[in-house]
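Engineer: how would this look folded up:
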Amino acid sequence: MEMLGEARLGASRELVWEALNDPEVLRASIPGCETLEKAEDGSLTATVVSKVGPIKARFAGKVTLSNIVPPRSYTLTGEGSGGAAGFAKADIGVNLDALDANLTLLRYSVKANVGGKLAQLGSRMVDAAARKSADDFFELFGKQVTSRAADGSSAASPAGLDLAALGGVDQQETADAAATAYAPTSAAAPAPVAATPVVAAQTDASVQTSDAGREAVPPAVVAASPAKPASVSAASTAAAMDVLTAELIKVWISDQIAVVTLNRPGSRNAMTYAMWQAIPIIFGALARNPEVRAIILTGAGEDFCAGADIAEFEAVRGNAAQATEYEVAVDGCCDAIANVSKPTIAVLKGYCLGGGAHLAMSCDFRYASTNAVFGIPAARLSIIYGVKGTRKLLNLVGLPEAKKILFGAQRFTADRALQIGFVDHVATGGSVSARSWLDRLIGGGRKGEADVGDPMADARVFAQSLAGNAPLTICGAKALLNGMAMGTGALDLVHAEALITAAAASDDYREGRAAFGEKRAPQFKGR
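Structural biologist: Alright, predicted model coming up:
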């Protein structure tokens with residue numbers, strides 16, 4: 001018998017891992033478990049009363065853990081004998097993925113065999129009993145974990161990445177240090193991305209890093225550009241500080257993946273002027289952070305981003321001069337996302353409209369839920385969508401579809417977005433059985449209602465596949481592709497050749513050749 005399943009638990013991955021290794025939690029979660037004790041060799045001995053169809057028996061057995069990769073995965077092997085009732089053996093693979101600082105996706109796979117009278121009952125009855133046991137286990141385990149999370153009885157709190165320290169950085173020093181990932185010299189090229197130093201101490205609760213994400217990875221080497229670095233204004237730095245302090249944007253890092261979350265769910269994550277100003281600072285810091293190999297941009301709550309916060313337009317976009325300044329901030333924000341040297345993925349759900357669509361199009365990839373709604377309503381506001389946003393839209397969907405979207409100002413679905421090339425992936429839902437016990441656990445949803453899937457889980461799997469590749473290759477490929485996509489004259493050929501030369505002279509290139517010859521996975525360091 002084989003079985004797959006998953007659960008989303010409202011607790012940090014460290015806390016879930018701690019619970020999975022706690023005999024008391026396991027004993028309370030296993031249906032019918034009478035005893036579960038740790039033996040001297042590290043294994044667990046257990047006594048479980050189980051009923052399968054007409055057969056009820058007390059099973060005595062042993063549980064061992066193997067393939068342990070804290071706090072990500074292990075294999076649990078259980079063997080038990082129920083006397084005349086028969087025997088059972090199961091290998092259970094457990095994998096934990098940190099979807100957020102306090103949200104963990106637990107995936108499990110089960111391979112089981114039974115013998116004796118149990119085997120005579122037939123596979124359907126045994127499978128049904130096993131699935132019910134799994135449902136019951138994860139419902140009970142989820143209650144144990146959420147109770148611990150509420151009590152705060154977790155393992156050590158995650159260390160953090162301190163962007164709050166930006167407020168204490170000397171402005172001239174920051175301006176001198178700031179640079180784009182590519183810093184092209186062409187006037188037709190995108191505006192440079194401001195960056196700022198990253199300090200390692202934790203002082204801001206809105207910015208967190210999982211211990212598992214703190215692997216020692218040297219900074220990526222980016223070929224020097226002949227262009228003068230862009231400066232970071234005091235106003236921009238102050239805006240980033242205010243936005244982070246107010247938690248309008250949250251940043252969290254785990255497994256070499258940074259998650260940047262727009263955090264105004266009550267306003268459908270509409271972007272304020274300060275948020276447009278803050279993102280270049282944040283993405284610049286992430287570009288320089290050696291712990292980050294990929295960046296995910298998403299929204300809190302039910303939506304990605306409904307666009308600019310029109311409620312503040314009277315104050316920040318009330319006249320032509322302010323409107324021009326506002327558009328410069330929007331373009332600077334989206335350029336920062338588009339030009340950062342690391343791969344970016346937008347995770348889209350609910351509304352993705354107007355300026356939110358520009359944010360999404362600025363990312364390298366877009367992963368959507370089935371309930372995502374897209375649109376650019378500029379024609380309903382007598383606003384001309386900006387040159388850079390229009391160029392991105394044209395590159396994604398082509399001329400006829402771009403005209404339909406901009407002329408019609410109509411909304412379109414995730415399926416339509418996938419069909420025309422606006423998004424790269426639409427998440428599929430889980431199984432009905434997985435949804436039923438999960439609904440009981442978290443109290444949400446109804447049996448039989450539409451399952452919107454989980455684009456964040458899919459995006460993290462994709463991001464992890466990118467994180468293992470050579471950072472210099474990704475940086476260079478992104479610079480070349482983005483430059484070529486911008487049209488004639490946008491690509492700085494001198495800088496492109498410098499990137500190619502730097503990669504050819506790098507330690508990573510030598511490591512890639514050696515790993516290929518030795519038939520092993522390469523270990524890239526970004527230098």
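
Engineer: Now residue 265. Nearest residue, chain neighbours left out?
Structural biologist: Counting by CB to CB, 6 or more residues apart in numbering, residue 301 is the residue found nearest to residue 265 once chain neighbours are left out, at 2.9 Å. Heads up, the C-betas are built off the backbone N, CA and C, glycines and all.

Engineer: And the one you found, what's its pLDDT?
Structural biologist: Note for residue 301: predicted pLDDT of 93.

Engineer: Surely it touches residue 262?
Structural biologist: No: using CB atoms under 8 Å, residue 301 makes no contact with residue 262, being 9.5 Å away.

Engineer: So if I had to pick from these two, which one is more boxed in?
Structural biologist: Shown here are residue 301 and residue 262; by other CB atoms under 10 Å, residue 262 has more neighbours (25 against 16).

Engineer: Give me the phi and psi for that one.
Structural biologist: The phi and psi values for residue 262, taken as degrees, to the nearest 10, are phi -70, psi 120.

Engineer: top helix in this protein by residue count?
Structural biologist: For the chain, the helix with the greatest residue count under DSSP state H is helix 123-151.

Engineer: So which other helices or strands are in contact with that one?
Structural biologist: strand 2-9, helix 13-20, helix 23-29, strand 44-52, strand 103-115, helix 432-442 (3 or more CB pairs under 8 Å, 6 or more residues apart in numbering; DSSP states H and E).

Engineer: and residue 527, which of the ones you listed is closest to it?
Structural biologist: Among the helices and strands packed on helix 123-151, helix 13-20 comes nearest to residue 527, with 29.0 Å by CB to CB.

Engineer: same for that closest one, what does it pack against?
Structural biologist: For helix 13-20, the packing partners by 3+ CB pairs under 8 Å, 6+ apart come out as strand 87-100, strand 103-115, helix 123-151.

Engineer: circling back: return the distance of the longest helix of the chain from the chain's centre.
Structural biologist: Offset of helix 123-151 from its chain centre (CA atoms, centre = their mean, to the nearest Å): 26 Å.

Engineer: What residues sit buried inside that helix?
Structural biologist: By 16 or more other CB atoms under 10 Å, the buried positions in helix 123-151 come out as 126, 129-131, 133-135, 137-142, 144-146, 148-149.

Engineer: tell me the mean pLDDT for that helix?
Structural biologist: 78.

Engineer: Also stretch 498-506?
Structural biologist: Rounded mean pLDDT across stretch 498-506 is 77.

Engineer: Work out the gap between that stretch and the centre of the chain.
Structural biologist: Using CA atoms, centre = their mean, the offset of stretch 498-506 from its chain centre is 30 Å.

Engineer: Wasn't residue 79 part of a strand?
Structural biologist: Yes: checked against DSSP: H, G, I helix; E, B strand; the rest coil, residue 79 lies within a strand.

Engineer: Okay, it and residue 138: tell me how far apart.
Structural biologist: Distance of residue 79 to residue 138, computed by CB to CB, to the nearest Å: 21 Å.

Engineer: hang on, residue 463 packs against residue 344?
Structural biologist: No: Residue 463 is not in contact with residue 344 according to CB under 8 Å; the separation is 9.3 Å.

Engineer: residues near residue 65, how many?
Structural biologist: For residue 65, the neighbour count with other CB under 10 Å is 15.

Engineer: Identify the residues contacting residue 96.
Structural biologist: Applying CB atoms under 8 Å, 6 or more residues apart in numbering to residue 96 gives the contacts 13, 16-17, 20, 71-73, 104-107.

Engineer: With respect to residue 2, which of those is nearest?
Structural biologist: residue 107 (13.9 Å).
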